[in-house]
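Student: Would you be able to build a 3D model of this:
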Amino acid sequence: MTEERVIPVVDLSQFTKGDAEQRTAFVKELGEAFHEIGFVGVTGHGIPEQLINDFYKASKAFFALPRNVKQQYEIEGMAGQRGYTSFGKEHAKQSEVPDLKEFFQIGQEVPAGDPEKEAYPDNIWPDEVPEFGATGKKLYRAFEKAGGQLLRAIAIHLDLEEDYFDNRIEKGNSILRAIHYPPITQEPESAIRAEQHEDINLITLLVGASAGGLQLLTKEGEWKEITPEQNEIVINVGDMLQRLTNNYLKSTTHRVVNPPRDQWHLPRLSIPFFLHPRSDMDLSALPQCITAERPQQYEPITAGAYLDERLKEIGLKK
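Tutor: Predicted coordinates:
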């Protein structure tokens, strides 16, 4: 790791294709990064660069559509969990000022007749950009696969069975979100592109954005910019995994700051994948994460109830 790097980098292929020694080393590196920083860069993740580029291109085309066209894909009562959410709707849970962004969300798909179907409404696809749906579905599955492999390594680190998370994330409530931060045209009213927050889910997988601005808050209280290298995805711990591990794994505060004034005219596009478990997953702290030094911090709750609570806090659900 060079001095400029804020977060360490690990190679997931060492875990998925490596020998026993490489797998053990990967588990240790990933576990330490999640415990100490809450963020890590990952290479060797197996997500095709062309697929990422194609989805960026399709997302750019969607956000370039006229506002009244985009708003046709904003569905009342969906709490932003499918389709489009217009500019100024979402805010951080501790802030009343909306973030400077609009976004489109793709959720889990299950076939008709599946017992889980009622929990997963159909996705909404923009007719004007047909490639958005085609590439979005593929990218969703690629993220889901890479995220599952990372959680297998974390399960080993936590002294759980390697497949502990497998059935808990199968048909999980994960979200692929395309976020567009438009050019800044006037002095913002105390808002930045995304105010400081922690993610709700188990882990977030983020492919490099079209512009900088992502910062994490260090233990020393300093904001540090994260700049991923080519074909590196940034992974961070979400509140559900922090809760499950009784604060052993760290859900780190982060934000997206506005660019320097001379770059206000430049938009920013970002593609995070929020890996969620099934709604019925019990987030009660793991017994091995409760110690005299770290007594139990949280009341028991299911992932579904916790998500519901947080969607209300950030203004997406009434």
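Student: what secondary structure does residue 68 sit in?
Tutor: helix (DSSP: H, G, I helix; E, B strand; the rest coil).
Student: And it, what's its pLDDT?
Tutor: pLDDT for residue 68: 94.
Student: For burial, what's the neighbour tally of it?
Tutor: Neighbourhood size, residue 68 [other CB atoms under 10 Å]: 7. Backbone N, C-alpha and C define where each C-beta goes, glycine included.
Student: swap in the one 3 residues further on?
Tutor: Around residue 71 there are 12 other residues, counting by other CB under 10 Å.
Student: tell me which residues in the longest helix along the chain are buried?
Tutor: Counting residues, the longest helix in the chain under DSSP state H turns out to be helix 130-157. Of all the residues in helix 130-157, those buried under the rule 16 or more other CB atoms under 10 Å are 132-133, 135-137, 139-140, 142-144, 146-157.
Student: Run through who's touching the helix or strand just after that helix.
Tutor: Heading C-terminal from helix 130-157, the first helix or strand you meet, by DSSP states H and E, is helix 166-169. With CB atoms under 8 Å, 6 or more residues apart in numbering as the test, helix 166-169 has contacts from 144, 147-148, 151-152, 202, 275-278, 281.
Student: Export helix 166-169 to CSV, keeping only CA atoms.
Tutor: Listed next in CSV are the C-alpha coordinates belonging to helix 166-169 (Å, rounded to 0.1, in the frame of the first residue of the first chain):
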residue,chain,number,x,y,z
ASP,A,166,-25.4,-17.8,1.7
ASN,A,167,-29.1,-18.5,2.4
ARG,A,168,-29.5,-15.2,4.2
ILE,A,169,-28.6,-13.2,1.1
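Student: Now do the SS call for the residue of the chain most remote from its centre.
Tutor: Most distant residue from the mean C-alpha position of the chain: residue 292, 31.8 Å away (CA atoms, centre = their mean). Recorded secondary structure, residue 292: coil (three-state DSSP).
Student: elements contacting the lowest-mean-pLDDT helix or strand in the chain?
Tutor: Within the chain, no helix or strand scores below strand 194-197, which has a mean of 73 by mean pLDDT, DSSP states H and E. Applying 3 or more CB pairs under 8 Å, 6 or more residues apart in numbering; DSSP states H and E, we find strand 194-197 packed against strand 254-256.
Student: What average pLDDT does the strand it packs on get?
Tutor: Strand 254-256 carries an average pLDDT of 84.
Student: right, and the helix or strand after it?
Tutor: Of the helices and strands lying after strand 254-256 in sequence (DSSP H and E), the nearest is strand 268-275.
Student: Identify the residues contacting that following strand?
Tutor: With CB under 8 Å, 6+ apart as the test, strand 268-275 has contacts from 52, 55-56, 59-60, 63, 139-140, 143-144, 147, 151, 169, 172, 174-181, 193, 199-207, 209-211, 213-214, 238, 256, 259.
Student: could you redo the last one with a cut-off of 6 Å?
Tutor: For strand 268-275, the surrounding residues in contact (CB atoms under 6 Å, 6 or more residues apart in numbering) are 143, 147, 174-181, 201-207, 209-211.
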